[in-house]
Structure formats: structure tokens, C-alpha cells
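Trainee: Fold the following and give me the result.
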Amino acid sequence: MKINEFAQSGEQQINFDVVDDTIVFMRNDPVFYRKSYFPTMSKMADMHRAGKDIDPETLVGPVVDQAMEGYCRRYKLTRSPSELFTTDDRQNIINRITTEELEEIAKGGY
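Mentor: Numbers count the residues shown, from 1 in each chain. Next comes the predicted model:
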């Protein structure tokens, strides 16, 4: 047993970036990608091509919420999404997904 394990008050520390890991999950989990991620990105592409305003919170926010729950369930984490993710984590995921996917859409993706 390590000395820092004594100092922890029963709470498991995470040694990875949950934002990056969740984004990888969203793009690589075949079921999540097919059922949630791709349809939302296709809708974003359609809106972009039509010149409509894209509200990331309204469009991408619900998919991120589903991803955070699916991520915790898939990897059998002992924490719930509200315990694992901060509001800043959620917003960072939304912002990164929106920015990265809009760049791909501009290149002709989706």
C-alpha cells in the first residue's frame, strides 16, 4: 500500500483527463456513436450548411449528458456522472466537440 492511499478519505482519485476520455468514448463506442453522436453531428452539419445558428448547449448538450452517463455505466465507475464530472468538464466537452466537428463539417464531413 502506498502512503498516499492512507491520506485519501475513501475517495478514489482519477489519474486521467475525463474530458479527453469522454470525447474518445463518444467517438469510439459503436453503439453510442451510431445512436447519439452521428445523428447529432449530421444535424449540426445540416444546420451549418443551411446557415442557421448553432446553439451548442441545445444541440450538443443533451448528447454530452448521455455520454457522461454512458461512460460511467460502460466502465463501471463507482462515481455517478454528477460526482465524476464538474460543470466545467461538461462545458469543455461541449465546446471541444462543437469546435472540432465544425472544422470537419467545413472540410466536407458529414
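
Trainee: Could you find the closest non-adjacent residue to Phe25?
Mentor: Nearest residue to Phe25, sequence neighbours excluded (CB to CB, 6 or more residues apart in numbering): Tyr71, at 5.0 Å. For glycine as for every other residue, the C-beta is placed from the backbone atoms N, C-alpha and C.

Trainee: That neighbour is in what secondary structure piece?
Mentor: helix 61-74 (DSSP states H and E).

Trainee: Check what contacts that helix and list those residues.
Mentor: 21-22, 25-26, 29, 32, 36-37, 40, 77, 79-81, 84-85, 90, 93-94, 97 (CB atoms under 8 Å, 6 or more residues apart in numbering).

Trainee: roughly how far apart are Ser42 and Asp29?
Mentor: Using CB to CB, to the nearest Å, Ser42 is found at 17 Å from Asp29.

Trainee: between those two, which one's more packed in?
Mentor: Asp29 (17 against 13; other CB atoms under 10 Å).

Trainee: how far away is the more buried one from Ile93?
Mentor: Taken as CB to CB, the span from Asp29 to Ile93 is 14 Å.

Trainee: what does Asp46 give?
Mentor: 22 Å.

Trainee: more crowded one of these two?
Mentor: Ile93 (24 against 12).

Trainee: quick one, what contacts that one?
Mentor: With CB under 8 Å, 6+ apart, Ile93 has these contacts: 19, 22-23, 64, 67-68.

Trainee: mind running it again at 7 Å?
Mentor: Shown in contact with Ile93 (CB atoms under 7 Å, 6 or more residues apart in numbering): 19, 22-23, 64.
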